[in-house]
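A.B. asks: Here's my sequence, what's the structure:
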Amino acid sequence: MSNSSSISEFLLLTFTGTRHLQLLHFWLFLGIYLTALVGNGLISTAIACDQRLHTPMYFFLLNLALLDLGSISTTVPKAMANTLWDTRTISYTSCVVQVFLFAFLLSTEFYLLTVMSYDRYAAICKPLHYGTLLGSRAC
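C.D. replies: Take a look at the predicted model:
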């Protein structure tokens, strides 16, 4: 006799049972997702292509944009797919991977924001030492 009490998938709650509102939810999330993709993609492209923007501040902004792309791409596509196809399940493995990636990317973003704040502190409060504290080699 096999053990049938193990968890293989989770049931998700929907925002609404009305199909019209589910489609509205899908289009709203799609618009937000595409706006985030285009905005962060433009930031990444501008910083990567322009040699004048290869300074510590823009290096940190590039990494912040990439982390934002990763964190929004972890959860939103699955939510949109569940809404569009009217499914209410997520596998246990997918849920664990989503939670781990989201927590990892979010904590990395917080650490990066801390380093960015030190960068601005050094640039404003110690402008003469800024080149030695945070030069291009520090990045």
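
A.B. asks: Spatially central residue for the protein, please.
C.D. replies: By CA atoms, centre = their mean, the chain has its centre lying nearest to residue 71, at 2.0 Å.

A.B. asks: That one contacts residue 103, correct?
C.D. replies: No - Residue 71 lies out of contact with residue 103 (CB atoms under 8 Å); the separation is 9.7 Å. (Glycine included, C-beta is placed from N, CA and C.)

A.B. asks: lowest confidence element among the helices and strands of this structure?
C.D. replies: Using mean pLDDT, DSSP states H and E, the weakest-scoring helix or strand in the chain turns out to be helix 130-133, at a mean of 76.

A.B. asks: Mind giving me the packing neighbours of it?
C.D. replies: Using 3 or more CB pairs under 8 Å, 6 or more residues apart in numbering; DSSP states H and E, the elements in contact with helix 130-133 are helix 92-125.

A.B. asks: Low-confidence stretches in the protein?
C.D. replies: Low-confidence segments of the chain (pLDDT under 70): 1-4, 134-139.

A.B. asks: same thing but at 80, please
C.D. replies: Counting by pLDDT under 80, the chain shows low-confidence ranges at 1-8, 10-17, 130-139.

A.B. asks: Using the three-state scheme, assign residue 10.
C.D. replies: strand (DSSP: H, G, I helix; E, B strand; the rest coil).

A.B. asks: how about it, what does it touch?
C.D. replies: 89, 90, 91, 92, 95 (CB atoms under 8 Å, 6 or more residues apart in numbering).

A.B. asks: For it, list each beta-bridge partner.
C.D. replies: Beta bridges link residue 10 to residue 90, judged by DSSP bridges.

A.B. asks: Check the spacing between it and residue 92 real quick.
C.D. replies: Residue 10 sits 7 Å away from residue 92, going by CB to CB, to the nearest Å.
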